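Chemist: Quick one, structure for this:
(2 chains)
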Amino acid sequence: MVSKEYEAAFEGIAVKIGGKVTGTYQGLGGTFATFVDCCLRKKTLAGFHQKGLLSRAALKDKTLTLTLSGNHTRPKLIEIVDIALQNVGAYPHQGVDTAFIIGVKSEDKEKKGR
Amino acid sequence: MALITSQQYLDSIRKLNPRVYIGGKWVKNLLDHPVTKSMVMANAAIYDLAQQPEHQAVMVAKSHLTGEPVNRNLNVATSIHDLDMRQEMALLTSQTVGTCNYRCVGCDALNALASTTFEMDRDLGTKYNERFNKWLAYAQKNDLAVSGAITDAKGDRKKRPTQQDEPDVFLHLVEKRDDGIVVRGFKVSQSGAIGSHETLVLPGGGLKDDEGGCALAFAVQNSVPGLSYICQYNAYSAEREMFGDEIEELGNPVYGQRETSTMVFDNVFIPWDRVFMCGETKYAGRLVSRFAKAHRMNCGGACKVGFADAIIGGTMLAAEYIGVEKVPHIQEKIIDMVRLSETSHACAIAAAMRGREEPKGSGVYLPDDLFGNAAKLNIAHGFWEIIKNAGDIGGGLVVTMPRLKDLKDPEVGPTLKKVFGAAAPAEKRLKVAKFLQHWSAGLHGPGTWHGAGAPQTQRFMFTVLTDFEKKKKIAKKLMGMEDDEAPKAAAKK
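Modeler: As a prediction, the model looks like this:
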């Protein structure tokens, strides 16, 4: 257990796919900012070095919406974001208050849905 | 989850995908490449030690932040006992893996940060110590493997950081933003960051007032975009690659040589919660010297002593296998090896026992500077003597031996068994010869010389820390020179 004083320094991040929360993570303060910086400035996901995986990224308030190129199943999207979050130091954590949201979708599915 | 198992560590590493280059290739998974795997397996073994009841007194400490049990690699020393157990941990880990405890530099870096951020907050009203403690609580909670990066590439040594033609030879600030900083540059000779969850980055040395851009200390995650690792590559890397899964052919089969890399920071973002120094040049030298005094005790006086234990053991076996273990000059050389290593260990124990709170009020204990430097300087020279004796007693076979698996070759194997069979079978002789080759013809000689600072830095510290005038006074008093009349007075009585 970590005392409440230090728990308050951690931030919770929820991952949403198709509007539903698929996982919650906890990292040190600034973890969401790091993730956002990877996506917006570096245009990549941490832990993924191939170019073009991240098609679009948009930040609105405390929600980051990502569109990944290609056609990915829901389990694959969950896996990709899980790896990307762990590569910036956010670890799976149940029952955490989530101040930040990462929404993820697949580009091809988005096109088909139009 | 304050203490994780080696399996949990390995599972977490499988999910990390740092940008790692080694010997002409980009590594896709650290556990799939034989060289990077050896580094990861060494870290895994350190996690195992903390799970073993017989080692918990050394490997597990009580967090000064939360009171919870934590791996000593993530502990801030708050007593003499903590310092003593810290150096014992360095001894134990070296005896266990025969290479780096890759969490060791991170441990000494975090102790230096605990001390110096306290001082900065006290003097400057900053919030670095508060931030650092939050980061440490997070690292302890997740039992993270944390390495340390100190040494800048430095470029032309005649020039200061701001005068360099290539500014990246000193890691430096690119941009300050509302949410953090962006940094750029290189850190070299870094041990084990590739397989660590985080790395603590400190300035490479003292800085002048106008060099604030290099006065940076922060924690960086393993795989953030913009951070790459270019690994060392040498004959031992090539050998490990060549043998692949046949690791029994190698001198240190599982844990390998010490693996380092050059860390390349290409405009890497660091959020403020991970920044522990940004521009405070006055404290940069102090931070590095506190790191150095901790590291010289542990690296010089304990880690290398653990290596020496392994080398002495291997050397004794080599002597036994050819039937010379009772020859007087062999025994004398082995005693010399023990003398050299145990003298350094004594210095480490003395450094711990004479440790003190620094600065007052911080609660952080650091080792005695003089004894820590003595430990390192002694082993820097002593290690060459130790491996010289290992090569001497091990014989020419240490470097002239064939491959181990040649003994199994249907054509030459039977001949080789006749050639190298002695007081023990050829298999044992060649195995121990390979082990001694790893030490005496490998990377550890220069590594021990330079690790924790080349000996010239310790010599400099001796000049600063030694009261030479006091020594002269002692001599004068005994001789009865000048106004010290003690001998005459004593004679009259």
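Chemist: so how many other residues sit close to residue 53?
Modeler: With no chain named, the answer covers chain A. 17 (other C-beta atoms under 10 Å in any protein chain shown). (Glycine included, C-beta is placed from N, CA and C.)
Chemist: look at chain B instead
Modeler: 6.
Chemist: Quick one: residues contacting the residue in the stretch 201-350 of chain B that chain A sits nearest to.
Modeler: As assessed by C-beta to the nearest C-beta, chain A sits closest to B:Pro271 within the stretch 201-350 of chain B, at 2.5 Å. Residues near B:Pro271 by C-beta atoms under 8 Å, 6 or more residues apart in numbering or on different chains: A:29-31, A:33-34, B:179-180.
Chemist: Could you pull up the mean pLDDT of stretch B:109-123?
Modeler: Averaging pLDDT along stretch B:109-123 yields 98.
Chemist: how about it: buried residues?
Modeler: Neighbour counts over stretch B:109-123 (16 or more other C-beta atoms under 10 Å in any protein chain shown) mark B:109-121 as buried.
Chemist: Nearest to A:Tyr91 among those?
Modeler: Nearest to A:Tyr91 among the buried residues of stretch B:109-123: B:Leu110, at 19.4 Å, using C-beta to C-beta.
Chemist: what's whichever helix or strand that closest one is part of packed up against?
Modeler: Using DSSP states H and E, B:Leu110 maps to helix B:104-124. Contacts defined by 3 or more C-beta pairs under 8 Å, 6 or more residues apart in numbering or on different chains; DSSP states H and E place helix B:104-124 against helix B:80-97, helix B:128-142, strand B:146-149, strand B:198-201, strand B:275-278, helix B:281-295, strand B:365-366.
Chemist: can these go into JSON lines with extra columns for mean neighbour count and distance to B:Gln52?
Modeler: As requested, the helices and strands packed on helix B:104-124 are exported to JSON lines (neighbours: other C-beta atoms under 10 Å in any protein chain shown; distance: least, C-beta to C-beta, whole Å):
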{"stretch": "helix B:80-97", "mean neighbour count": "23", "distance to B:Gln52": "10"}
{"stretch": "helix B:128-142", "mean neighbour count": "23", "distance to B:Gln52": "20"}
{"stretch": "strand B:146-149", "mean neighbour count": "27", "distance to B:Gln52": "21"}
{"stretch": "strand B:198-201", "mean neighbour count": "27", "distance to B:Gln52": "25"}
{"stretch": "strand B:275-278", "mean neighbour count": "23", "distance to B:Gln52": "33"}
{"stretch": "helix B:281-295", "mean neighbour count": "23", "distance to B:Gln52": "25"}
{"stretch": "strand B:365-366", "mean neighbour count": "25", "distance to B:Gln52": "26"}
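Chemist: Output those in CSV, with mean pLDDT and distance to chain A appended to each entry.
Modeler: Shown next, in CSV, are these (pLDDT from 0 to 100; distance: least, C-beta to the nearest C-beta, whole Å):
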stretch, mean pLDDT, distance to chain A
helix B:80-97, 98, 20
helix B:128-142, 97, 4
strand B:146-149, 98, 11
strand B:198-201, 98, 7
strand B:275-278, 98, 9
helix B:281-295, 97, 21
strand B:365-366, 98, 22
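Chemist: can you redo these as a markdown table with distance to B:Pro167?
Modeler: Shown next, in a markdown table, are those (distance: least, C-beta to C-beta, whole Å):
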| stretch | distance to B:Pro167 |
| --- | --- |
| helix B:80-97 | 35 |
| helix B:128-142 | 25 |
| strand B:146-149 | 18 |
| strand B:198-201 | 17 |
| strand B:275-278 | 17 |
| helix B:281-295 | 17 |
| strand B:365-366 | 32 |
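Chemist: so which of these gets nearest B:Cys214?
Modeler: helix B:281-295 (7.6 Å).
Chemist: could you dump that closest one to CSV, C-alpha only?
Modeler: Provided in CSV are the C-alpha atoms of helix B:281-295 (Å, rounded to 0.1, in the frame of the first residue of the first chain):
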residue,chain,number,x,y,z
THR,B,281,24.0,24.9,-11.6
LYS,B,282,25.2,25.5,-8.0
TYR,B,283,23.8,22.1,-7.0
ALA,B,284,24.9,20.0,-10.0
GLY,B,285,28.4,19.3,-8.7
ARG,B,286,27.1,18.5,-5.2
LEU,B,287,24.5,16.1,-6.7
VAL,B,288,27.2,14.3,-8.7
SER,B,289,29.7,14.1,-5.9
ARG,B,290,27.0,12.6,-3.6
PHE,B,291,26.3,10.1,-6.2
ALA,B,292,30.0,9.4,-6.6
LYS,B,293,30.6,8.9,-2.9
ALA,B,294,27.8,6.3,-2.7
HIS,B,295,28.8,4.6,-5.9
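Chemist: tell me how far that helix is from the chain's mean position?
Modeler: The chain centroid and the centroid of helix B:281-295 are separated by 16 Å under C-alpha atoms, centre = their mean, to the nearest Å.
Chemist: Need the residues that contact that helix.
Modeler: Residues from elsewhere that reach helix B:281-295 (C-beta under 8 Å, 6+ apart): B:86, B:104-105, B:108-109, B:111-113, B:115-116, B:119-120, B:148, B:150, B:202-209, B:211-212, B:214-215, B:217, B:277, B:351, B:358, B:366-369, B:372-373, B:452-453, B:457.
Chemist: B:Thr66 is in what secondary structure piece?
Modeler: Here B:Thr66 is assigned to no helix or strand, by DSSP H and E.
Chemist: give me the number of residues near it?
Modeler: Residues lying near B:Thr66 (other C-beta under 10 Å) number 18.
Chemist: Would you check that it makes contact with B:Gln140?
Modeler: Yes. Between B:Thr66 and B:Gln140 there is a contact at 7.0 Å, judged by C-beta atoms under 8 Å.
Chemist: which ones are touching the residue nearest the centre of chain A?
Modeler: What sits nearest the mean C-alpha location of chain A, by C-alpha atoms, centre = their mean, is A:Ile102, with 4.2 Å. By C-beta under 8 Å, 6+ apart, the contact list for A:Ile102 reads A:13-16, A:35, A:63-66, A:81, A:85.
Chemist: go again using 6 Å as the cut-off
Modeler: Taking C-beta atoms under 6 Å, 6 or more residues apart in numbering or on different chains as the criterion, A:Ile102 is in contact with A:15, A:64.
Chemist: quick check, it in a strand?
Modeler: Yes. Per DSSP: H, G, I helix; E, B strand; the rest coil, A:Ile102 lies within a strand segment.
Chemist: Report the beta-bridge partners for it.
Modeler: Per DSSP bridges, the residues bridged to A:Ile102 are A:Val15, A:Leu64.
Chemist: Now do the strands in chain A.
Modeler: Taking DSSP state E as the criterion, chain A contains strands spanning A:10-17, A:20-28, A:54-60, A:63-68, A:91-92, A:100-106.
Chemist: Take the ones you listed and write them to a markdown table, including mean pLDDT.
Modeler: Compiled in a markdown table, the strands of chain A are given as follows (pLDDT from 0 to 100):
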| stretch | mean pLDDT |
| --- | --- |
| strand A:10-17 | 96 |
| strand A:20-28 | 96 |
| strand A:54-60 | 96 |
| strand A:63-68 | 97 |
| strand A:91-92 | 94 |
| strand A:100-106 | 96 |
